[in-house]
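Colleague: Structure here, sequence nowhere to be found:
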């Protein structure tokens, strides 16, 4: 089909180009974990996205299959989910705001409390780095200025540096525990001290996407912090432990002083009725979820101990992944994993994050590390 030529005096004139907001040119692009390549004779395993290697519980799959009213909009208040969570977490249902995964819940927090205000300078959001790679994207799209604080050498948050970075423009601080991609948790004593020193008007987000995998007795409990501080928001998700990453259901927990505003910015119908029913059913069978999570934790222990026996230096891992500070060797290592039908998440020349997967995948990963001479900590 031929497009008709433009007529009139403007014929042949160059059309003005359409430009996005200038901030897009300054933001990194989110890079999802790549699927594994197909290698003849080998089962492929994806260890690049921190997904649960197991499908949802059979009862959850049945609940999903039973949904027939998808011609109707979901409940915008996600009443069933918030009611179930209120009982499960022992918090008021009104303190819970659902979102499309914990990332959706985070975007709602940023849209509410940080951005371009009625003065020239943008609000500031302080967060650790390296941490969840969506942080700079979410902060930038909200119209805020990100303030990245380098992690300590062992992959933990530098809370003192984060406190020192607070200015009159600081509106939100993000804490990620366990930190993705490095793995260590924040401890309750240090977070309690930190919150005592943060001005009360600054919102502190405790991102606990991997909370169910934590076994360190000294780990901070975000819900305990929320109960004590009106400026704390806790983020959690059904994507990891519950194996519902594809349904996008998460939530925030905060006191009414914050939730009254978060409900204004909450994306309408962000959680589908299918996702809501799946999450509620998974909570009803949490003993089974806990058993599955423990299996992943046991595999994590095997992998970490195996790496350390090889002489590799590995940060304490409290999520469903391990961090390899490979530096300039990162691309080479990721390529070798690919040849073995394993996909890992490489971060430039900083390191690689490897999810805990099926036992066979974890064993193959350890075999690769045993043959690789340039692991972190090796001479």
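Modeller: Arrived safely. This is a predicted model, so every value here is computed, not measured. Residues are numbered from 1 along each chain as shown.

Colleague: hang on, isn't residue 136 packed against residue 26?
Modeller: No: assessed by C-beta atoms under 8 Å, residue 136 is found out of contact with residue 26, at 9.3 Å. Bear in mind the C-beta positions are built from the backbone N, C-alpha and C, glycine included.

Colleague: Which of those two has more residues huddled nearby?
Modeller: residue 136 (19 against 10; other C-beta atoms under 10 Å).

Colleague: helix or strand for that one, which one?
Modeller: helix 134-141 (DSSP states H and E).

Colleague: from the chain's centre, how far out does that helix sit?
Modeller: Averaging C-alpha positions (C-alpha atoms, centre = their mean, to the nearest Å) puts helix 134-141 12 Å from its chain's average.

Colleague: contacts for that helix?
Modeller: Counting contacts by C-beta atoms under 8 Å, 6 or more residues apart in numbering, the residues outside helix 134-141 that touch it are 23, 26-30, 103, 106-107, 110, 114, 125, 127, 129, 145-146, 148, 174, 176.

Colleague: Can you show me the helices along the stretch 251-379 of the chain?
Modeller: Listed in chain order, the helices of the stretch 251-379 of the chain (DSSP state H, counting those that start in this stretch) span 256-265, 273-284, 286-309, 330-339, 359-371.

Colleague: Would you mind finding the most buried of these?
Modeller: Of the helices of the stretch 251-379 of the chain, the one with the most neighbours on average (mean count of other C-beta atoms under 10 Å) is helix 273-284, at a mean of 22.

Colleague: rewinding a little: want to throw the helices of the stretch 251-379 of the chain into a markdown table with mean pLDDT and distance to residue 51?
Modeller: As requested, these are exported to a markdown table (pLDDT from 0 to 100; distance: least, C-beta to C-beta, whole Å):
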| stretch | mean pLDDT | distance to residue 51 |
| --- | --- | --- |
| helix 256-265 | 95 | 27 |
| helix 273-284 | 98 | 15 |
| helix 286-309 | 98 | 11 |
| helix 330-339 | 98 | 16 |
| helix 359-371 | 98 | 12 |
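
Colleague: Format those helices as JSON lines; extra columns: distance to residue 38.
Modeller: Below are the helices of the stretch 251-379 of the chain laid out as JSON lines (distance: least, C-beta to C-beta, whole Å):
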{"stretch": "helix 256-265", "distance to residue 38": "43"}
{"stretch": "helix 273-284", "distance to residue 38": "30"}
{"stretch": "helix 286-309", "distance to residue 38": "24"}
{"stretch": "helix 330-339", "distance to residue 38": "11"}
{"stretch": "helix 359-371", "distance to residue 38": "15"}
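
Colleague: okay, and for the stretch 101-250 of the chain, where does confidence drop off?
Modeller: Within the stretch 101-250 of the chain, the segments meeting pLDDT under 70 span 118-119.

Colleague: cutoff 80 now
Modeller: 116-120 (pLDDT under 80).

Colleague: just the strands in it please.
Modeller: In the stretch 101-250 of the chain, the strands defined using DSSP state E, counting those that start in this stretch lie at 124-129, 145-150, 170-176, 203-207, 232-237, 250-253.

Colleague: Adding distance to residue 271 and mean neighbour count, write those out as TSV.
Modeller: Shown next, in TSV, are the strands of the stretch 101-250 of the chain (distance: least, C-beta to C-beta, whole Å; neighbours: other C-beta atoms under 10 Å):
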stretch	distance to residue 271	mean neighbour count
strand 124-129	25	24
strand 145-150	27	18
strand 170-176	22	25
strand 203-207	18	26
strand 232-237	11	27
strand 250-253	8	26
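
Colleague: okay if I get those as CSV plus distance to residue 284?
Modeller: CSV is the format used below for these (distance: least, C-beta to C-beta, whole Å):
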stretch, distance to residue 284
strand 124-129, 35
strand 145-150, 39
strand 170-176, 29
strand 203-207, 25
strand 232-237, 17
strand 250-253, 17
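
Colleague: To residue 84, which of the ones you listed lies closest?
Modeller: strand 250-253 (10.8 Å; C-beta to C-beta).

Colleague: Listing partners with orientation, what would you give for that closest one?
Modeller: strand 96-99 (antiparallel), strand 232-237 (antiparallel) (DSSP bridges).

Colleague: now the first one, how far from the chain's geometric center?
Modeller: Read it as strand 96-99. Offset of strand 96-99 from its chain centre (C-alpha atoms, centre = their mean): 16 Å.

Colleague: could you give the mean pLDDT of that strand?
Modeller: The pLDDT scores in strand 96-99 average 98.

Colleague: same thing with stretch 33-49?
Modeller: The average pLDDT for stretch 33-49 rounds to 91.

Colleague: May I see the buried residues of that stretch?
Modeller: 33, 36, 45, 46, 47, 48, 49 (16 or more other C-beta atoms under 10 Å).

Colleague: Also stretch 93-103?
Modeller: By 16+ other C-beta under 10 Å, the buried positions in stretch 93-103 come out as 93, 95, 96, 97, 98, 99, 100, 101, 102, 103.

Colleague: Would you confirm that residue 214 contacts residue 318?
Modeller: Yes: using C-beta under 8 Å, residue 214 makes contact with residue 318 at a distance of 4.8 Å.

Colleague: any shared contact partners between these two?
Modeller: If you check residue 214 and residue 318 against C-beta under 8 Å, 6+ apart, the residues they both contact are 178, 185.

Colleague: Please parse this structure into its domains.
Modeller: 28-54+287-371, 68-284 (automatic domain parsing).

Colleague: between those domains, which gets nearest to residue 378?
Modeller: domain 28-54+287-371 (5.5 Å).

Colleague: mind checking how far that closest one is from the chain centre?
Modeller: On C-alpha atoms, centre = their mean, the centre of domain 28-54+287-371 falls 17 Å from that of its chain.

Colleague: what about it, how long is it end to end?
Modeller: Start to finish, the residues bounding domain 28-54+287-371 are 34 Å apart (C-alpha to C-alpha, to the nearest Å).
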